[in-house]
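Engineer: Pasting a predicted model and its sequence here:
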Amino acid sequence: MSHAYLHPDRLFPSETKAREIARTLYGQVKDLPIISPHGHTDPSWFAQNENFSCPSSLLIQPDHYVFRMLYSQGISLESLGIGRKSLTVEQSKQIWSLFAKHYYLFRGTPSKLWLDYVFADVFNISEPLSEQTADHYYNVINSALKSEAFKPRALFDRFNIEVLATTEQPLDTLEHHQTIKQSSWQGKVVTTFRPDNLTNPEHPLFTESVTKLESMTGMDISDFEGFLAAIKLRRAFFKSQGATATDHSHPTAFTADLSDTEKQALYLKVRAGNYTPEEAELFRGQMITEMVAMSLDDGLVIQLHHGCYRNHNDWVFENYGPDKGADLPLACEYIDALKPMLNKYGNNPDITIILFTLDETSYSRELAPLAGHYPALRLGPAWWFHDSPEGMRRFRQQTLETGGFYNTVGFNDDTRAFLSIPARHDLARRMDCSFLAELVADHRLTMSEAEALAYDLSYRLAKEAYKF
């Protein structure tokens, strides 16, 4: 669909020959099914299939990309409804009006690219959002959200999503996933095992989660072996509900390979709460190695997300909780940090370990050379703060030399904002086609090679890496 403010050639090269090649490549992949292997959409949406309540609760409240920008300009989280479980009609309209009035703040950002796509392609609105058009936008979107065509399952089908993975903590009962499986709907929504509250002693829910793990599994976890056996039971349950992957987000990439005696002693200190920060890091590192070991048995893909300082703003965390736009990138070292785990499992091609980072400086220096050598390693796409046209271009430029294309895993959207999924995949496909077009124009790729790569980067690599 073409609109005056949504140019059909957006993100394509400005040079004529490369732009024509990009158009051709994009035309071949733009309608491919979406593989969304890692995200944070709510499975209850698809289990209950109820209409979304209002524009503000759908497009603003769950999207930390949106409200962190507004907050940075002095707009309070309270005025945006953050932390409220429900909104009155008047509150929803006020939030939307505030958002529209300040929409100019997003100029040039990936958020605006995503949102403009949603407005134009999903809701068929043909004029830009502004303070003057705010009411029109609200009325059009609100009316659409009340229709059958905008229920979650209908949108899932309309977006041509082949599979969507959500992310749940390890003690989740997964009742929403079970409801989806038992329904007549054919949409494929699977879970992902995210055990940070069991692998990180400094996680605020660690003690509570370990106690619940014991009662939920009926296992004796007084020693480390029993603790691991209980976690294996939870992994098996997640796999029975469709999980193909685990997800781990620790501040650093540190891994360890301790002896059985050392592991037991460290576990007892952690259980007793009598540990130092260095011992907490050691436990996290050992648990990553244990998670990889478990994947040898159950086949789950391992995702490692590193380089993030969580909840940097104490006041926001204390008043609004986690995931409120106050997470920040950290410098991260990989060569030494991953060596203990890679010494043990990195040469095994039957394991898939996907590395993500918020430290772009590690791409060409560490991550691409590692993935370009170890059979078990793959590189996840430009992630979070770098999920942008510039970030995607930098990722390709810095990883191609030593990692190639086929040690990467395509794209994933990593979003809580359901309606942004097709927008994000469209942006990624445009950027990859643009990058490939320039390689063709430089005679580094033939057109047939670029066509094969465009298909692989848009669809096949993600599907194969995550075993869908």
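Structural biologist: Cool, got the structure. Numbers count the residues shown, from 1 in each chain.

Engineer: Low-confidence stretches in the stretch 101-250 of the chain?
Structural biologist: Along the stretch 101-250 of the chain, no part satisfies pLDDT under 70.

Engineer: Let me see the ranges of the helices in it.
Structural biologist: 110-117, 134-145, 152-158, 175-182, 196-199, 206-217, 224-240 (DSSP state H, counting those that start in this stretch).

Engineer: Put the alpha carbons of the last one into CSV.
Structural biologist: The C-alpha trace of helix 224-240 is given here as CSV (Å, rounded to 0.1, in the frame of the first residue of the first chain):
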residue,chain,number,x,y,z
PHE,A,224,23.1,-29.2,42.9
GLU,A,225,22.4,-32.4,41.1
GLY,A,226,18.8,-32.3,42.3
PHE,A,227,18.5,-28.6,41.4
LEU,A,228,19.5,-29.4,37.9
ALA,A,229,17.2,-32.4,37.7
ALA,A,230,14.2,-30.1,38.7
ILE,A,231,15.1,-27.6,36.0
LYS,A,232,15.3,-30.4,33.4
LEU,A,233,11.7,-31.3,34.3
ARG,A,234,10.6,-27.8,33.7
ARG,A,235,12.4,-27.7,30.4
ALA,A,236,10.7,-30.9,29.4
PHE,A,237,7.3,-29.4,30.2
PHE,A,238,8.1,-26.3,28.1
LYS,A,239,9.2,-28.5,25.3
SER,A,240,5.9,-30.4,25.5
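
Engineer: count of residues packed around the closest residue in space to residue 157 that isn't next to it in sequence?
Structural biologist: In space, not counting the residues next to it along the chain, residue 157 is nearest to residue 187; the distance is 6.6 Å by Cβ to Cβ, 6 or more residues apart in numbering. Quick note: C-beta positions are derived from backbone N, CA and C, even for glycine. Close neighbours of residue 187, defined as other Cβ atoms under 10 Å, add up to 17.

Engineer: likewise the one 4 residues further on?
Structural biologist: Burial of residue 191 is recorded as 23 neighbouring residues (other Cβ under 10 Å).

Engineer: before we move on, what about residue 307?
Structural biologist: 26.

Engineer: right, so of the helices of the stretch 101-250 of the chain, which gets closest to residue 420?
Structural biologist: Among the helices of the stretch 101-250 of the chain, the nearest to residue 420 by Cβ to Cβ is helix 110-117 (4.7 Å).

Engineer: ok, and what's touching that closest one?
Structural biologist: By Cβ atoms under 8 Å, 6 or more residues apart in numbering, the residues outside helix 110-117 that reach it are 5-6, 10-11, 59, 63, 65-66, 69, 103, 106, 128-129, 387-389, 417, 420, 422-424, 426-427.

Engineer: Apply the buried test to those and list what passes.
Structural biologist: By neighbour count, with 16 or more other Cβ atoms under 10 Å, these hold 6, 11, 59, 63, 65-66, 69, 103, 106, 128-129, 387-389, 417, 420, 422-424, 426-427 as buried.

Engineer: so who does the nearest residue to residue 213 once chain neighbours are set aside touch?
Structural biologist: Nearest residue to residue 213, sequence neighbours excluded (Cβ to Cβ, 6+ apart): residue 230, at 5.2 Å. Residue 230 makes contacts with 213-214, 217, 219, 221, as judged by Cβ under 8 Å, 6+ apart.

Engineer: For residue 459, find the nearest of the helices of the stretch 101-250 of the chain.
Structural biologist: helix 152-158 (17.1 Å).

Engineer: which secondary structure elements does the closest one contact?
Structural biologist: helix 43-48 (3 or more Cβ pairs under 8 Å, 6 or more residues apart in numbering; DSSP states H and E).

Engineer: tell me what the helix or strand that the helix it packs on is followed by is packed against?
Structural biologist: Using DSSP states H and E, the helix or strand that directly follows helix 43-48 along the chain is helix 55-59. Applying 3+ Cβ pairs under 8 Å, 6+ apart, we find helix 55-59 packed against helix 89-101, helix 134-145.

Engineer: And the ones you listed: which comes nearest residue 47?
Structural biologist: Of those, nearest to residue 47 by Cβ to Cβ is helix 134-145, at 18.3 Å.

Engineer: Alpha carbons of that closest one, as PDB, please.
Structural biologist: Only the C-alpha atoms of helix 134-145 are listed here, as PDB (Å, rounded to 0.1, in the frame of the first residue of the first chain):
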ATOM      1  CA  ALA A 134      -5.000  12.900  16.600                       C
ATOM      2  CA  ASP A 135      -8.800  12.600  17.000                       C
ATOM      3  CA  HIS A 136      -9.200  11.200  13.500                       C
ATOM      4  CA  TYR A 137      -6.500   8.600  14.200                       C
ATOM      5  CA  TYR A 138      -8.000   7.700  17.600                       C
ATOM      6  CA  ASN A 139     -11.500   7.200  16.100                       C
ATOM      7  CA  VAL A 140     -10.300   5.100  13.100                       C
ATOM      8  CA  ILE A 141      -8.100   2.900  15.300                       C
ATOM      9  CA  ASN A 142     -10.600   2.600  18.100                       C
ATOM     10  CA  SER A 143     -13.400   1.600  15.700                       C
ATOM     11  CA  ALA A 144     -11.200  -1.000  13.900                       C
ATOM     12  CA  LEU A 145     -10.200  -2.600  17.200                       C
END
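
Engineer: ok, and what's touching stretch 394-407?
Structural biologist: Identification of contacts with stretch 394-407 by Cβ under 8 Å, 6+ apart yields 360, 363-364, 367-369, 371-372, 377-379, 381-382, 386, 408, 432, 435, 453, 456-457, 461.

Engineer: so of these, which ones are in helices?
Structural biologist: 368-369, 371, 432, 435, 453, 461 (DSSP state H).

Engineer: hey, where'd the helices end up in the stretch 251-400 of the chain?
Structural biologist: Going by DSSP H, counting those that start in this stretch, the stretch 251-400 of the chain shows helices at 260-272, 277-298, 314-320, 335-345, 362, 368-371, 389-403.

Engineer: now those in TSV, with mean pLDDT?
Structural biologist: Shown next, in TSV, are the helices of the stretch 251-400 of the chain (pLDDT from 0 to 100):
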stretch	mean pLDDT
helix 260-272	98
helix 277-298	98
helix 314-320	95
helix 335-345	98
helix 362	97
helix 368-371	98
helix 389-403	98
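
Engineer: just to revisit the earlier point, mind checking how far the residue nearest to residue 213 is from residue 396?
Structural biologist: From residue 230 across to residue 396, the span is 42 Å (Cβ to Cβ, to the nearest Å).
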